[in-house]
Each structure stands twice: as C-alpha cells, then as structure tokens.
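1. build me a model:
(2 chains)
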Amino acid sequence: MAHTNSSYGQSSSSSNGVADESPNMLVYRKMEDVIARMQDEKTGIPIRTVKSFLSKIPSVFSGSDIVQWMIKNLNIEDPVEALHLGTLMAAHGYFFPISDHVLTLKDDGTFYRFQTPYFWPSNCWEPENTDYAVYLCKRTMQNKARLELADYEAESLARLQRAFARKWEFIFMQAEAQAKVDKKRDKIERKILDSQERAFWDVHRPVPGCVNTTEADIKKSSRMKQPHKTRKSVYGLQNDVRSHSPTHTPTPEVKQPTEEELHDKIQFWQVQLDRHRLKMSKVAESLLSYTEQYMEYDPFLTPPDPSNPWISDDTTLWEMEASKEPSQQRVKRWAFGINEVLKDPVGREQFLKFLESEFSSENLRFWLAVQELKKRPIREVPTRVEGIWQEFLAPGAPSAINVDSKSYDKTTQNVKDPGRYAFEDAQEHIYKLMKSDSYSRFIRSSAYQELLQAKKKVQLLGAPRQRSRLDVDALGPLRAGRHRKSASTLCSSGFRESVDVLSSTAFIPLHVSSVIYGTLLPSLI
Amino acid sequence: MACQGLGPNETLATLKTESETLKTKLEEERAKLHDAELHQVAEKVEALGQFIIKTRRTLKGHGNKVLCMDWCKDKRRIVSSSQDGKVIVWDAFTANKEHAVTMPCTWVMACAYAPSGCAVACGGLDNKCSVYPLSLDKNENLAAKKKSVAMHTNYLSACSFTNSDMQILTSSGDGTCALWDVESGQLLQSFHGHSADVLCLDLAPSETGNTFVSGGCDKKANVWDMRSGQCIQSFESHESDINSVRYYPSGDAFASGSDDATCRLFDLRADREVSVYSKDSIIFGVSSVDFSLSGRLLFGGYNDYTINVWDVLKGTRVSILFGHENRVSTLRVSPDGTAFCSGSWDHTLRIWA
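-> Residues are numbered from 1 along each chain as shown, chains lettered A, B, ... in the order given. This next block holds a predicted model:
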C-alpha cells in the first residue's frame, strides 16, 4: 500500500523568493501587485471626487479608466481580455462598483472604488454567519435609501433570524453598537467605509447566481488553512483565531532528509549526470519536423475530409475510419515509422498479412503476443508466458524466432519465475529487428504501394464532390487506348455516370473507386 | 539500494553538500547544450492563421463543479465526474447522457474511460479508485457491479488505464503513484519520489515504452519506469503546484500546467525545459493542458475561466477562448484530435472545435 513520503515542505524557494505559499496566495499577491500599480500616484488610475446632485461621490474612478489603464500597463491588446481580468479582480473584491452588488467590470462610466487592504482576500477571511447577521441587522437600522436591503439580503436576514433565534438579542445589540459607531464617523468617510464593507460581503456572501470566488480546490485547501492566519471575526463577536489550535499543525517545518534519502539522491544525480543529452538545436529541429509531418492530420490545422463531425454534424469521417478500407492519408501515415503501423489496427492487420505471405510473420506475432501478455490480468500471466515460450522460443518451437544469445539466456531464466516482463529483452530485440527488416520490406512492398496509391472511397450517397473532376482528369493520359475516349465523356458528365463507366473496365477492382495517379509519391524510408 | 553506514569522514552535512554539488553540476551540464531557443529555431516555420474555435456542444447535467473528464476511444463518448459525487457517461455528439453513477463520496476528482469502452474508473476523496463496468441495459444499477481496485492513504488525484482494461495507474495526495491489476486489486508497482501530493499523470504514447510522467505539489515533474518503479528523470522549474502533465504526441517531450500561471514544455532528450508559455496578463493558475494531434497547439484550461491556445513552437498565444463561467478544471483533446472537451466549476462541459 502506498505511504506518505517524509520531508514534506520545501527547502527550495522559487525565484521570487516566496516559499511555502499556497496557490491561492500566489494569485492574491499578483493581483495585489497590480492594485498597487493602479494606486500609484503618478502612473496609476486617477481617483477623484465627483459632484452629484447635492452630494459628493468620494474616491472613485470609472470602469473605462480601469480598462484603459490595464491595456496600457499590462500588455493587453484586446479590451475584452482587460474586461475579463478586471471582472475577476472585482469578483475577488479588490475594487467594486459603488452602486451594485454584482461585482463585474464594465467598460463605461460606472463608478468604482478600491477596497481597503483590511478586507483583502489575502487576509484569509472566513467570516461567520453571525457576523453577516450583525451586518444585515445593522443595515436595517440605517435610514439612508442607499443602504436598503436587496431582496436576496432580506431573505438571508430572515433565514438568519430563524437560525439564530436564541441569540438574536445578542446579535441585535451588536448591530446597534456598530450602527452607533458608524454614526459618529464623518459623512464622507462613512460613504467610503459603508461601500467597502458592503463589497466585502458581496465577495463572501455573493448575489445568488454569481460566482463565489472564495471557493477553494479541496486538494489545496488543507495547505491554505493556516489557523494562525485565518480571520473569522469581522465585528469582534468571537475569539479571532490567532493562536495555534491544538488540532491543526502549524506551517510545515522543513524536515531534515535522512542518510538513506541522501544516498538515494546522490545516486540519482549521478545517474542523471551520466545521461546522454541532445543539443537544444537538434531537439528543436526534431520537434519542428514532427509537427510538420503531422500537420495535415491535425484537424485543428487542416480541416478533415469530408468534414469535422463536431462542426458539420455529419459523422461520415468516423464511419470512413471505422471501415476496413483505409484512406490514402491513413496508409501514408504508416510509412512515418513502425509505431504508426503498430498503433493502427488496420495497419497491424496489413503488416501481418504481408509477413504471412512471406512466411515470416513469427516476429510480429511474437511481439503482439508479448504486448497482449502485458495487458492481461496478473492471474493469466503464468499460463500465457508458458504458451509464448512454447510457441516461439522453446527448442523445436513451431514459430521459432531468432533472438541473440544473451536475451535468450535471460528469457530462459525469466520463464522459470514468470512475470509480465519475462520477455522484455527478447521483445526489444525483435522490435529492433522488425524495424530495420520486416517493416522496411513492408513499406517497399507492392501490397503497401497498392494500398497507398489506390482506392479513394467513393461517396455514392450524398452530393458529388468537386474533387472528382480532378481525379477524372488525371485518368486521361495514363489510361490505355479505348478508355481515352471515355475520359472526355467523364469530364463533362456527372459524377454518377463516370462511376458507372469506371466500373465496367477490367482495370478497376470490383468495388467502385476513382484512381489517383501521380499526386503522391510513396515515401520510402 | 544498499545503504552503507556513515563512513568515518561522512556526516549528514557532507552528504547534503555532495547532493547539492551534484545537482548544481547537473544544471551546468544541462546548460552546456543550450545552444538554441525553440522559438528562435521556429522562426522559419510558417505562422498559424486565424483560428475559429467555438463551443460546439454544451453538456449540462452535473449538479456541481465538474472536476475531471476522459474520452472514450470511439471519439465521441466521454465520462465526467463532479463534486456532487456523480459520474456521468455521455455521448457528447448528441449530448445525451447514457449512464450515471452516484459515488459514496463527494469530490470525485479523477475519472477515466477504459480502452475497450466497456468500463469507467473513478475516485477522489474516498482515497480509492473503483471500476464500473458499463452495462448496455440502461436500467441496470451500475453501482452494484462496482469493483474497488486502488487504495491510497489520501485522496485520489488522477487515474488512467494503461493500454488495457486490466491495469490502472493512479496518483494520490499521499505523494505516490501506483499501478494496479484491476481483476485482483493487487498492487503491481508503486512509485515513490514526490515529496508532496501528486496531482496528475500521463502515460507515454508509445507502443513499446513503459514510462509515464507525474506532476505534484512539490513543483516537480517526474518521469517513471513502470517496470522498475524508478524515477528516471526529474524536472523542477515551476514555481508552484503542477496541476497537469501531458505528453507531446511523439513521446519525446511533455507539457505541464501550474498554479504559477505558466505552461512549460520539457524535452526528454535535451533533459531540460525548452519553452515557457506565459503572459503578464495571465495571473491565474493552469488547471489542465493537452496537445492537438500534431503537437503544434497546446490548449490550457485556466482558473480564470478561460482557455488559452498556444503555438508550441513559436511560444506565442494564438487564441483565448471565453465561455465558461467559472474555473476550467479539466481539458482533453479527443482521440482523433477533431475536438477538445473542457469541464468547469460552472457545472458544464463544453466541446470545442
């Protein structure tokens, strides 16, 4: 059974010098860096007080201001992207619209305000429902129109009243005390603080339907919960958990590695040092050429023929691939390397068929049998190992394969205590042999060449394809005598007619097809 | 390996120094072969045109965050798992649900489709990986045939069938990966080396290879030999948890996505990181990555609800896809590369093409 490894906690620190930070904190820091830049006196967003009717709106900036600043300062080209990132920052509560509970960024004149650092998510807030109750209760005590509860808030308040029925008197008292403190504040200051407090609750108790950005990935949450840092109490209702709780461990200490671990590590580094490495330039060329070779097979880069089923709602592509007749494009791929043939069930079948025709199929059959062995339940292993041994390797085996003596000896030993990897060395040897010998012969064989050159599946159902004209044109010069006459009729007639003409010739196999000549030369390895 | 007792001149400190020295030397050796940058060499490659990638299907039905998904080899069916304990099998092409299982635990973080298409595996907070054979009879209770295969001592973060229905590879919050025989539940091989939770794994796409790569909260990506259980290569350049690893289609390289908001490409032959995919404006972590069929495109699902499409060779971002209304938690390209599927905390899955 798996066990937990020791040396939890990191001794290495990242390049920005911050070690042991949970993933959420990393994002908070980055957003806070942006906020700091936005608040810079010289290069930040200009904050102003706006006169409105008989009052003033303090300390605001517009949504457009934010978007423009982001485009200019964060290397963002597209306003849509700036809007999206800005909305996320608002959703986390770093700035907020002063007249809306829904925390999004709008690229217009809507007014926004910065949140006070006290309420930032990086303070690990986990406010309790009792605090929320105090807050909502306090709001009802204030007569200002702008502080009226929204429907969802009124519903929440009703729910909380039921839930905390027994301690409601206490909550009410707290709310009164808070309201009293608030009244003493300067009018402008109150406006700002009220809005910031509301924005805090918009993050922790979002409008129904809005994303709750405080939700955490459970895989990471155990590392995020640092009890000595979590803040739970907004209004001083309960013991703000600041000290270590006996049931939680503090930030993990860096455990000293043991002697054995160090020996293992040293050996690991030594093995790594001895490794043969390729130059970057060579590796880069290899990546380029692989991608180049497969570009035509990549549906995101080259639209598949006849169509991408997801886009056209037509599953012809999949039906064609499921048929026993492989397309030319598919056959061409087998020539890229032996793995392509082995990977494709139709490729394997054709390869096997070819080798059988040459009476040299034992290598491939051995390789396939060993692959199958590794896929079976462990229970079947001993029987299968014995079976493979008898068929391919034992003295007098009916499908004897030729393995080098070293592998043979090793395999003989392995078979005595049969495991899934009993034939690993032999299989490796046979694979190399197939790659250089059987596979090369297969690709050069006329069987393969025929598959490659012939047979584009004709679409008898559905509309005639434009491509058929090209096929037909290509036919012309390469056909002998009497067929030439028909070529001109083929060009002018509809596809269906040309098909009938083709099927009457002895040249074409029984199933209908159009033949493409000269467009793709077989690729030799 | 045989562990000798401390020699007369060795102390724990000297061993530590030796280890650090070797590690530094390795970095130097790796750096010596750094004679070019991938994106520089790729300047000669034709730039990609404009991309039109849209949501082609939206799968609704989960009652909570979608955490994981996997494709069936038939290129159209998928299995998905959610925080509410539900595992659903869909025909993504028609958007029909074909099977549903309710797991006894919430947070089903991992799910996988068997190569035969006849079973699915899943697990999460229950610390187990269970296999459910898929019945053709829609009325049959799938939960009845459930088979418990893997047992870890912490949450199951990822699971994958090998080339067969008979073996499953798992990774766990207990810091290990393990290979299991499905029929007997026997542990075939365990993989120790990560010093924190292992979050992801991917099997090498080779017909002959027996390797896989894993990524963890220790910021390391490790390549393992399935036969011996040994870690054969290790890469440590991310600055935070590695949430996703995926092999480049040739098997010579792999990509990773991390909470440090970057995706990176590591080449196994060069034995180093060869490219970083990042932008100033991308500050939220990457949850999930996958390549298009040719390896030219890298799709990344992010915690900022978007999907970024990267040109793997040139290192530039070619497209940003909006649509999900909460974190993208999982992303996989279909077996024939015609589409990719993304799952999100907004309870939906989307098929993009």
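
2. please point out which parts of the helix or strand containing residue A:387 sit buried.
-> Per DSSP states H and E, residue A:387 falls inside helix A:381-388. Going by neighbour count (16 or more other CB atoms under 10 Å in any protein chain shown), the buried part of helix A:381-388 is A:381, A:384-385, A:388. Heads up, the C-betas are built off the backbone N, CA and C, glycines and all.

3. so how far is residue B:182 from the residue of the stretch 351-500 of chain A found nearest chain B?
-> For the stretch 351-500 of chain A and chain B, the shortest gap (CB to the nearest CB) falls at residue A:375, measuring 3.2 Å. Between residue A:375 and residue B:182 the distance is 11 Å, computed by CB to CB, to the nearest Å.

4. higher neighbour count, the two?
-> Higher neighbour count among residue A:375 and residue B:182: residue B:182, with 23 against 17, using other CB atoms under 10 Å in any protein chain shown.

5. wait, isn't the more buried one in contact with residue B:148?
-> No: applying CB atoms under 8 Å as the test, residue B:182 and residue B:148 come out as separate, 10.3 Å apart.

6. show me what contacts the spatially closest residue to residue B:47 that is not a sequence neighbour?
-> Distance criterion CB to CB, 6 or more residues apart in numbering or on different chains; nearest residue to residue B:47, sequence neighbours excluded, is residue B:314 at 7.3 Å. Contacts of residue B:314 were listed using CB atoms under 8 Å, 6 or more residues apart in numbering or on different chains, and they are B:39, B:42-43, B:45, B:47.

7. which of those residues fall within helices?
-> Those of the contacts of residue B:314 mapping onto helices are residue B:39, per DSSP state H.

8. got a winner among the contacts of residue B:314 for most neighbours?
-> When neighbours are counted by other CB under 10 Å, residue B:42 leads those with 21 neighbours.

9. any idea how far that one lies from residue B:51?
-> According to CB to CB, residue B:42 and residue B:51 sit 18 Å apart.

10. repeat for residue A:438
-> According to CB to CB, residue A:438 stands 42 Å off from residue B:51.

11. okay, the two: which has more neighbours?
-> Per other CB under 10 Å, whichever of residue A:438 and residue B:51 has more neighbours is residue A:438, with 21 against 13.

12. ok, that one touching residue A:365?
-> No: here residue A:438 lies out of contact with residue A:365, judged by CB under 8 Å, at a distance of 11.3 Å.

13. joint contacts of residue A:375 and residue B:182?
-> Shared contacts of residue A:375 and residue B:182 (CB under 8 Å, 6+ apart): B:165-167.

14. filter those down to the ones in strands?
-> Residues of these located in strands (DSSP state E): residue B:167.

15. between the shared contacts of residue A:375 and residue B:182, which is closest to chain A?
-> residue B:166 (4.9 Å).

16. wait, the closest one touches residue B:183, no?
-> Yes: in this structure, residue B:166 is within contact of residue B:183 by CB under 8 Å, at 6.3 Å.

17. got any residues that touch both of these two?
-> Taking CB under 8 Å, 6+ apart as the contact rule, residue B:166 and residue B:183 both touch residue A:377.

18. which one's more surrounded, the two?
-> Remark: of residue B:166 and residue B:183, residue B:166 carries more neighbours, 22 against 17, as counted by other CB under 10 Å.

19. which helix of chain B spans the most residues?
-> Chain B, longest helix under DSSP H: helix B:12-32.

20. by contact count, what packs against it?
-> Helices and strands touching helix B:12-32, by 3 or more CB pairs under 8 Å, 6 or more residues apart in numbering or on different chains; DSSP states H and E, are helix A:259-274.

21. what does the following helix or strand past the helix it packs on rub up against?
-> Heading C-terminal from helix A:259-274, the first helix or strand you meet, by DSSP H and E, is helix A:280-294. The contact list for helix A:280-294, computed with CB under 8 Å, 6+ apart, reads A:336, B:33-38, B:41-42, B:45, B:248-250, B:252-253, B:267, B:269-270, B:272, B:274, B:293-296, B:312-313.

22. list the buried residues in helix A:280-294.
-> Within helix A:280-294, the residues scored as buried using 16+ other CB under 10 Å are A:280-284, A:286-288, A:290-291, A:294.

23. for chain A, which residue is closest to the average position?
-> Centroid-nearest residue in chain A: residue A:300, 15.7 Å away (criterion: CA atoms, centre = their mean).

24. which residue, other than its chain neighbours, is closest to that one?
-> residue B:292 (4.6 Å).

25. test my guess that that neighbour contacts residue B:318.
-> No: applying CB under 8 Å as the test, residue B:292 and residue B:318 come out as separate, 10.9 Å apart.

26. what residues sit buried inside the helix or strand harbouring residue A:330?
-> Using DSSP H and E, residue A:330 falls within helix A:328-334. Neighbour counts over helix A:328-334 (16+ other CB under 10 Å) mark A:328, A:330-334 as buried.

27. quick one: average pLDDT of that helix?
-> Mean pLDDT, computed over helix A:328-334, is 94.

28. what packs against it?
-> By 3+ CB pairs under 8 Å, 6+ apart, helix A:328-334 packs against helix A:338-343, helix A:345-357, helix A:446-453.

29. quick revisit: run through the residues that contact the residue nearest to residue A:300.
-> Residues near residue B:292 by CB under 8 Å, 6+ apart: A:298-301, B:298-299, B:333, B:337, B:340.

30. distance of residue A:199 relative to chain B?
-> Distance of residue A:199 to chain B, given as CB to the nearest CB, to the nearest Å: 20 Å.

31. quick check: closest non-adjacent residue to that residue.
-> Nearest non-adjacent residue to residue A:199, counting by CB to CB, 6+ apart: residue A:96, 3.8 Å away.

32. can you pull the contacts of residue B:208?
-> With contact set as CB under 8 Å, 6+ apart, residue B:208 has these partners: A:339, A:427-428, A:431.

33. got a quick ChimeraX command for the buried subset of these?
-> Selecting only the buried entries of these in ChimeraX, with 16+ other CB under 10 Å as the criterion:
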select /A:339,427,431
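
34. who in the stretch 1-150 of chain B is up against chain A?
-> Residues of the stretch 1-150 of chain B lying close to chain A by CB under 8 Å from any CB of the partner chain are B:1, B:3-4, B:6, B:12, B:15-16, B:18-19, B:22-23, B:25-26, B:29-30, B:33-38, B:41-42, B:45, B:48, B:51, B:53, B:56-57, B:75-76, B:93, B:107, B:109, B:125.
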